[in-house]
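1. heads up, no residue letters with this:
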């Protein structure tokens, strides 16, 4: 695998500086969305492939408990993708897990302000690139009234690209995947059969432990899927022409010169540029982990319906979803209980399996539902203020 990205090293000196930032609030160099306008919500929903009318249809949303369009819970990823890339220049970042907690809905025209902290780091040994750093952050999202609407605890591996290329751990995978036309037609049929619960109320008493969620299907993942997500969320600064050139001159490690077009491209293009992906030790461009977690959250909002509330969602990102891959995202009810606040909770174990049979995203989430017994639902308190 050839090198086009700048190689940085995890030196003792760099680690000392990095550790000195633990506990500190990080400067956010790029906030994509700030206002949850109708267009910003729609473009984000388009970017993750979520057709739920609650996010986009004013007449439909007006008839729900929300009384207006709201953003999907995952929309806050378009404000800040849960963490800030900082320190260790030239050392690649691979997002490996996120734990979300959602407190209040984001309504159309809410203004969201994020803050982010480095909460921990430690040296580990990874299969992918040997000596690595496990980095942990925490981000919080506030609306214009100062109300905390969501928080996230992400973790990421920081790896040396040179060792990742030498090891070539994933070089054996055959890409692009050699699909047959019959297989593709079956996948597309499954994609179009996605079930949205919507206004059909789901009650806690009707849910059974062991019950499986109707899966959602993504794929084969294509370049337009990555572009659509960038339009809706842009996890990293993507500029053009002179604005881009000035940005890259100020931050040399943020860009590389594409060997085919000779244009400067951002490091983020590992998600759509094969040469860039190869340069950091991966065989093909791949999805963004935050994008994948958005698909998982869509599975849960589809299942719970308009009157449910997604309280927590944890996902661990295993392997990559490469361009040309397909992934089946599913879940199973693991537990149900009434919490200390008297709310009816359902715990769901989730997974995402690709065509090679690999679980590329495992996790668990907690959903709160309407209760026939109490006559209460989770939106009553969350819409009160």
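-> All right, it came through fine. As the structure is a prediction and not an experimental result, all values here were calculated from the model.

2. Name the nearest residue to the spatially most central residue of the chain, sequence neighbours excluded.
-> Computing the C-alpha centroid of the chain and ranking residues by C-alpha atoms, centre = their mean puts residue 290 first, at 1.6 Å. Take residue 290 and drop its neighbours on the chain: the residue closest to it by C-beta to C-beta, 6 or more residues apart in numbering is residue 81, 4.5 Å away. C-beta: built from backbone N, CA, C; applies to glycine.

3. Could you report the separation of the one you found from residue 380?
-> Distance of residue 81 to residue 380, given as C-beta to C-beta, to the nearest Å: 31 Å.

4. try residue 113
-> From residue 113 across to residue 380, the span is 26 Å (C-beta to C-beta).

5. same check, this time on residue 108
-> Following C-beta to C-beta, the distance that separates residue 108 from residue 380 is 21 Å.

6. likewise residue 151?
-> Counting by C-beta to C-beta - residue 151 and residue 380 are separated by 22 Å.

7. Would you mind telling me which of these two has more residues around it?
-> The neighbour comparison of residue 151 against residue 380 (other C-beta atoms under 10 Å) goes to residue 151, with 19 against 13.

8. was I right about residue 21 contacting residue 116?
-> No - counting by C-beta atoms under 8 Å, residue 21 does not reach residue 116; the two are 11.4 Å apart.

9. out of those two, which sits in the more crowded spot?
-> The neighbour comparison of residue 21 against residue 116 (other C-beta under 10 Å) goes to residue 116, with 21 against 14.

10. Surely the more buried one and residue 24 touch.
-> No - under the criterion of C-beta under 8 Å, residue 116 makes no contact with residue 24, lying 10.1 Å away.

11. what ranges of this structure fall below the confidence cut-off?
-> Along the chain, segments meeting pLDDT under 70 span 1-2, 385.

12. which residues in it form strands?
-> Remark: strands assigned in the chain by DSSP state E are 91-102, 113-126, 130-142, 148-160, 216-218, 255-257, 264-266, 309-317, 327-338, 344-354, 361-369.

13. Relative to residue 45, which of the ones you listed is closest?
-> Minimum separation from residue 45 across these (C-beta to C-beta) falls at strand 216-218, 13.7 Å.

14. For the residue nearest to the centre of the chain, which residues are in contact?
-> Residues near residue 290 by C-beta atoms under 8 Å, 6 or more residues apart in numbering: 77, 81, 82, 95, 98, 233, 235.
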